[in-house]
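Visitor: sequence and predicted model, in that order:
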Amino acid sequence: MFIECHIHVSMNGINLKDWRRTLLEQNYKPISEILDLYKRKNILILRDGGDNLGASLAAREMAIHKGIIYKTPGWAIYKKGRYGGIIGRPVTGIEDFKDVFAELLKVKPDHLKVVLTGLVDFSSYGQVGGVSFSYEELYYIVQTAKEKELPVMVHANSSEAVKMAIEAGADTIEHGYFINDEVLHMLAEKDVIWVPTLSPFGNIIENDELKHKYQSQIQNIKRAYNQQLETVKKAVELGVKIAIGSDAGAIGVYHSQGFFDEVKHIKRCGITENQVLKMAFENGLKALNIKPSELKLLEKSIHQNNKEF
Ligand SMILES: [Zn+2]
């Protein structure tokens, strides 16, 4: 059984607009099909990064009947005017967050997702859109979630942002492009899980059509990918806990295949497939805060299903 720690069911890796239009019409059949794909590949524990359409919440409902554990934050929290519109709801500051968080609790999120920086800019190497929350704001947001026993996943790129997220108490760091050795040491010391999402870059580099589409930016994409591989390699040596999350739904990262793409990319750091899969499972359970009883229940349902066929 595999655990995929970073997907967006509100995107399909191909045509974002069409996909979102379908979901907006509350046609969730394609989501059901995606869940079946994961099931067929034995990826039975999933963590979504959230969306503003209710798609991941619908996916969680469907997953129950398919014998899949599906964790979703509902929607992510991002700073108004900054990146995050398609995956979350905006807040202007702490006061505003209190209201949005109260709304969020009604849909019973499994974790909180906070967007602290933008995406890695393909056109300009090393640019990630700056840090969007102040330390005080982020600390308040993270600690408020923890009071409700929600693990916190923080989307952060750059040393400055990841450092801030670790200090504020984040449980997992998503992406974490362009981070230095000091931050890696912090990740190791504080036992924070890192989900380095190599696939959105690696898959573009290895797909002829996409390589062509991103022709003018391909050198930056390659550079960022190679840099991230180097950083992951160092992180493994330092004992940082790494989990596998492909960011499936991002352009070129397809649902269910994304997990195996990410394993392939991580293996390039010089670790064996067995090591990667062991890491993926152990750290995946921790990242998603899967309780032993939950896992037992899932194993029981797999066993029963096998008997039926
Ligand atoms: Zn994501």
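Guide: Happy to help now that I have it.
Visitor: per-residue pLDDT of Ser256, please?
Guide: Note on Ser256: pLDDT of 98.
Visitor: burial measure for it, as a count.
Guide: Applying other CB atoms under 10 Å, we find 22 residues neighbouring Ser256. Where you see a C-beta, it was placed from the backbone N, CA and C, and this is true even at glycine.
Visitor: repeat that for Lys278.
Guide: 12.
Visitor: can you give me the pLDDT of the residue of the chain found nearest the ion?
Guide: The ion sits closest to Gly49 of the chain, with a gap of 3.8 Å, by CB to the ion. Looking at Gly49, its pLDDT stands at 97.
Visitor: spit out the contact partners of it.
Guide: 6-8, 73, 76, 87, 113, 153, 155, 174, 247 (CB atoms under 8 Å, 6 or more residues apart in numbering).
Visitor: let's see it at 6 Å
Guide: 6, 8, 87, 113 (CB atoms under 6 Å, 6 or more residues apart in numbering).
Visitor: try Phe101
Guide: Going by CB under 6 Å, 6+ apart, the list of residues near Phe101 is empty.
Visitor: let's go with 8 Å and repeat that
Guide: 77, 141, 144-145.
Visitor: what residues sit buried inside the helix or strand containing it?
Guide: Using DSSP states H and E, Phe101 sits in helix 94-106. Buried positions in helix 94-106, judged by neighbour count with 16 or more other CB atoms under 10 Å: 97, 100-101, 104.
Visitor: off-centre distance for it?
Guide: Taking CA atoms, centre = their mean, to the nearest Å, one finds helix 94-106 lying 22 Å from the centre of the chain it belongs to.
Visitor: what is the mean pLDDT for it?
Guide: Helix 94-106 comes out at a mean pLDDT of 98.
Visitor: give me the helices and strands touching the following helix or strand past it, please.
Guide: Per DSSP H and E, the first helix or strand lying C-terminal to helix 94-106 is strand 112-115. In terms of contacts (3 or more CB pairs under 8 Å, 6 or more residues apart in numbering; DSSP states H and E), strand 112-115 is packed against strand 76-79, helix 135-147, strand 152-156.
Visitor: what lines up beside strand 112-115 in the sheet?
Guide: strand 76-79 (parallel), strand 152-156 (parallel) (DSSP bridges).
Visitor: buried deepest among the helices and strands packed on strand 112-115, which one?
Guide: For the helices and strands packed on strand 112-115, the largest average neighbour count (mean count of other CB atoms under 10 Å) is found in strand 152-156, namely a mean of 29.
Visitor: how about a markdown table for the helices and strands packed on strand 112-115, with distance to the ion added?
Guide: Converted to a markdown table, these look like this (distance: least, CB to the ion, whole Å):
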| stretch | distance to the ion |
| --- | --- |
| strand 76-79 | 8 |
| helix 135-147 | 18 |
| strand 152-156 | 6 |
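Visitor: save the ones you listed as CSV, and put in mean pLDDT and distance to Lys291 too.
Guide: Formatted as CSV, these follow (pLDDT from 0 to 100; distance: least, CB to CB, whole Å):
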stretch, mean pLDDT, distance to Lys291
strand 76-79, 97, 24
helix 135-147, 98, 17
strand 152-156, 98, 17
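Visitor: need these in a markdown table with distance to Gln275, can you?
Guide: Shown next, in a markdown table, are these (distance: least, CB to CB, whole Å):
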| stretch | distance to Gln275 |
| --- | --- |
| strand 76-79 | 31 |
| helix 135-147 | 31 |
| strand 152-156 | 24 |
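Visitor: and the longest helix along the chain, how far out from the chain middle?
Guide: Taking DSSP state H as the criterion, the chain has its longest helix at helix 218-238. Relative to its chain's centre, helix 218-238 lies at 18 Å (CA atoms, centre = their mean).
Visitor: anything in the helix or strand just after that helix near the ion?
Guide: For helix 218-238, the following helix or strand on the C-terminal side (DSSP H and E) is helix 257-267. No - for helix 257-267, no contact with the ion is found by CB under 5 Å from the ion; the gap never falls below 11.1 Å.
Visitor: cool, thanks, talk later.
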